[in-house]
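Colleague: Here is a sequence with its predicted model. Questions after.
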Amino acid sequence: MTELFIPVPTGSVAAAGQMPPPKRRKPDKAPATPIQSNSRESVSARNNGSTSTAPVYHKQSRKGRTSRLRTAKKNKDLNGAIIKDQEYLDFLEWLKNMGCPRTKLTLAEFSNTGRGMMATKDIKAGEVIVQVPERNLVTMKSLQSTYGARIARFGKKVNSHMIIALHIALLVQAPERSGWLPYLRMLPKKFDTMPVRYPSELLELLPQNAQVHVKKQKAKIEADYNITLDFLQTNADLLTRPLQYEEYEWAWLVVNTRCIYLDAKNQSAADNIALAPMLDFLNHTHDAKTEGAFCTKTKSYQIKTLLPYKKGEQVFINYGPHDNCFILVEYGFVTPNNPYNYVTVDNDFMQLSIPGESAAAKKDKLELLDMAGYHGDYVLHRNDVSFRLLAGMRLRLVNPFNKSSVATQLAIAQWHNVVNGELDQISPENERLVPIHIERLCDEILALAKKNLGILARKKTTFTVMHLQQVWIEARDIILSIIDKIHRKEEL
Ligand SMILES: C[S@@+](CC[C@H](N)C(=O)[O-])C[C@H]1O[C@@H](n2cnc3c(N)ncnc32)[C@H](O)[C@@H]1O
């Protein structure tokens, strides 16, 4: 696994520079019953490769979804159906003209992931699988001659996500002129599986932390759009027509889901992202292992796989160690058996009423947790309660709690010692109560999971509904594993 090829999520520093990257979680075991979206129906819509509301640059006479699927079916290989439609052939020709060397990869529809890249021959571990010539990389640097002086005159801060999105949106406005039409035609037509595009009744069925994530992403897109409009006020000559929000959002999501970091070691360098045609057709799996670097000899960006692939298999990269909620919000899909899944219980912890705990005591405890760096980020993994949650719960269970009493001061000192690992417990009674109240938190989430799964079961089956179902089934299974552990009286 290398971070070099991660499409750029809003949640990452490199992409947006606003939201913190997700904290790395301890891997969990796979959920027992993940939903595998492996129906034929799932194939085409998932990656937006052939859906109806095409951006303006898509000629209506081009082959539609049915025709494309028919062709794909005809070319069916071992695990996926090879795509050989005119758009892809034009794209291959364009790649050739741009100096892209041939690869052992071809575009295909896979039953489990939708559109992705298939090995056309056996690939050995250590082989370069994709080379993207420098002239094909869309980066802040490559766009300097077009926008550099304009950005300098504009004077306000812009980031590369914003500028690459603007560039793509402008190419779409005048595709014939740009020379990039064959690539533009291959891009997703819409992003309806991205939660930022969910209707509100589905949005509220996301777990709370994912809803917050979506709101931040939406705010970021809107802010970037507004700055872009500002920029265009004095650069209207770039436009073919006024730039609509929908157009910009689409281009922004293209960047978000397809750009890569050129230098993973320096991920805070927000401007070091690139759109890399061809490389961006590779799908994600958490166990893909690749390495990437710019090769000065070939003047291209190369990806090497560290794993072998057999002819007909899908070739993957790894977008990073993300749980399904994060993947859903940033990329619009979920993966089965994701070892990074977890459940956040921050809200439930804050709302939990503890017998004998006054409102003032609760406030003092939360302040203390904050000062000690233990406020929030309370998570449950499969069979594992985070240390932060245990720490928070232990303090909540110090009752009575009166800051000015000696007994409370002693309990606080003991709590610090437990947190620092110098003491095992505050008291046997405190330790006895911890699993009881963790189970109460679990019951809250379980009830929510059941409620939401009930609502989802009554909805028409769409990818979005299936994604949400998977997220809640996984949450429920994590919770059940913890309850089971508590009932078996195992150490948390
Ligand atoms: C970099 S693109 C990969 C190519 C894309 N599938 C396409 O057809 O253009 C990232 C997007 O691919 C899809 N994707 C990537 N990995 C996936 C997976 N394991 N399962 C389902 N969809 C996946 C998601 O729609 C994601 O936003």
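Modeller: That came in fine, so what should we check first?
Colleague: Give the burial count for residue 182, as a bare number.
Modeller: The tally of other residues near residue 182 (other CB atoms under 10 Å) stands at 20. (Glycine included, C-beta is placed from N, CA and C.)
Colleague: so how far is residue 426 from residue 385?
Modeller: 17 Å (CB to CB, to the nearest Å).
Colleague: actually residue 358, not the one I wrote
Modeller: 19 Å.
Colleague: Check residue 457 too.
Modeller: Between residue 457 and residue 426 the distance is 43 Å, computed by CB to CB.
Colleague: Give me the more crowded residue out of those two.
Modeller: Set side by side, residue 457 and residue 426 show more neighbours around residue 426, with 22 against 10, by other CB under 10 Å.
Colleague: What does the pLDDT read for the more buried one?
Modeller: Note for residue 426: predicted pLDDT of 97.
Colleague: Check which helices and strands the one helix or strand residue 161 maps to sits against.
Modeller: Per DSSP states H and E: residue 161 is located in helix 160-173. Applying 3 or more CB pairs under 8 Å, 6 or more residues apart in numbering; DSSP states H and E, one finds that helix 160-173 contacts helix 144-154, helix 181-184, helix 208-233, helix 245-258, strand 273-274.
Colleague: same thing but 6 Å
Modeller: Judged by 3 or more CB pairs under 6 Å, 6 or more residues apart in numbering; DSSP states H and E, the packing partners of helix 160-173 are helix 245-258.
Colleague: Figure out how far the helix it packs on is from the centre of its chain.
Modeller: Taking CA atoms, centre = their mean, to the nearest Å, one finds the center of helix 245-258 at 15 Å from the center of the full chain.
Colleague: ok, and does that helix reach over to the ligand?
Modeller: Yes: with CB under 6 Å from any ligand atom as the measure, helix 245-258 is seen reaching the ligand through 257, 258.
Colleague: Please enumerate residues in contact with that helix?
Modeller: Outside helix 245-258, the residues within contact range by CB atoms under 6 Å, 6 or more residues apart in numbering are 7, 10, 161, 164-165, 168-169, 187, 191, 221, 225, 280, 331.
Colleague: between it and helix 208-233, what angle do the directions make?
Modeller: Put simply, helix 245-258 runs at 120 degrees to helix 208-233, going by axes from the mean of the first three to the mean of the last three CA atoms, to 10 degrees.
Colleague: Using CSV, write out every CA atom in helix 245-258.
Modeller: What follows is helix 245-258, C-alpha atoms only, in CSV (Å, rounded to 0.1, in the frame of the first residue of the first chain):
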residue,chain,number,x,y,z
TYR,A,245,-23.3,25.5,-9.3
GLU,A,246,-24.2,22.0,-10.6
GLU,A,247,-21.5,22.2,-13.2
TYR,A,248,-18.9,23.2,-10.7
GLU,A,249,-20.0,20.7,-8.1
TRP,A,250,-19.6,17.9,-10.7
ALA,A,251,-16.1,19.1,-11.6
TRP,A,252,-15.2,19.4,-7.9
LEU,A,253,-16.3,15.8,-7.3
VAL,A,254,-14.3,14.6,-10.3
VAL,A,255,-11.2,16.1,-8.6
ASN,A,256,-12.3,14.7,-5.2
THR,A,257,-12.8,11.2,-6.3
ARG,A,258,-10.1,10.9,-9.0
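Colleague: For the protein, which residues score under the pLDDT cut-off?
Modeller: Along the chain, the parts satisfying pLDDT under 70 run over 1-78, 264-270.
Colleague: near the ligand, which residues of it?
Modeller: Going by CB under 6 Å from any ligand atom, the residues of the chain near the ligand are 7, 46-47, 49, 113-116, 188, 257-258, 280-285, 331-333, 335.
Colleague: Mind checking what helix or strand follows the helix or strand hosting residue 407 in sequence?
Modeller: Using DSSP H and E, residue 407 sits within helix 406-419. Heading C-terminal from helix 406-419, the first helix or strand you meet, by DSSP H and E, is helix 428-457.
Colleague: tell me which residues in the following helix or strand past that following helix are buried?
Modeller: Counting by DSSP H and E, the next helix or strand C-terminal to helix 428-457 is helix 463-487. Going by neighbour count (16 or more other CB atoms under 10 Å), the buried part of helix 463-487 is 463-483, 485-486.
Colleague: and if you look at stretch 287-299?
Modeller: Quick answer for stretch 287-299 (16+ other CB under 10 Å): 288, 290, 292.
Colleague: Among these, which one lies nearest to residue 373?
Modeller: Proximity of the buried residues of stretch 287-299 to residue 373 (CB to CB) peaks at residue 288, which lies at 34.3 Å.
Colleague: What does the closest residue to residue 99 other than its chain neighbours show for phi and psi?
Modeller: Distances taken as CB to CB, 6 or more residues apart in numbering place residue 133 nearest to residue 99, at 4.8 Å, with adjacent residues excluded. Phi and psi for residue 133, reported as degrees, to the nearest 10, are phi -60, psi 150.
Colleague: what's around residue 133, how many residues?
Modeller: 18.
Colleague: One more: the one 10 residues further on?
Modeller: Per other CB under 10 Å, the neighbour tally for residue 143 reads 16.
Colleague: same thing with residue 90?
Modeller: 16.
Colleague: Wait, it touches residue 183, no?
Modeller: No: between residue 90 and residue 183 there is no contact under CB atoms under 6 Å: 9.4 Å.
Colleague: pretty sure residue 391 is in contact with residue 418, am I right?
Modeller: No: assessed by CB under 6 Å, residue 391 is found out of contact with residue 418, at 7.4 Å.
Colleague: Tell me how the chain divides into domains.
Modeller: By the record's domain assignment, the chain is partitioned as 3-331, 343-487 (automatic domain parsing).
Colleague: Nearest the middle, which residue of this protein would you pick?
Modeller: With distances taken as CA atoms, centre = their mean, the chain has residue 327 as the residue nearest its mean C-alpha position (2.8 Å).
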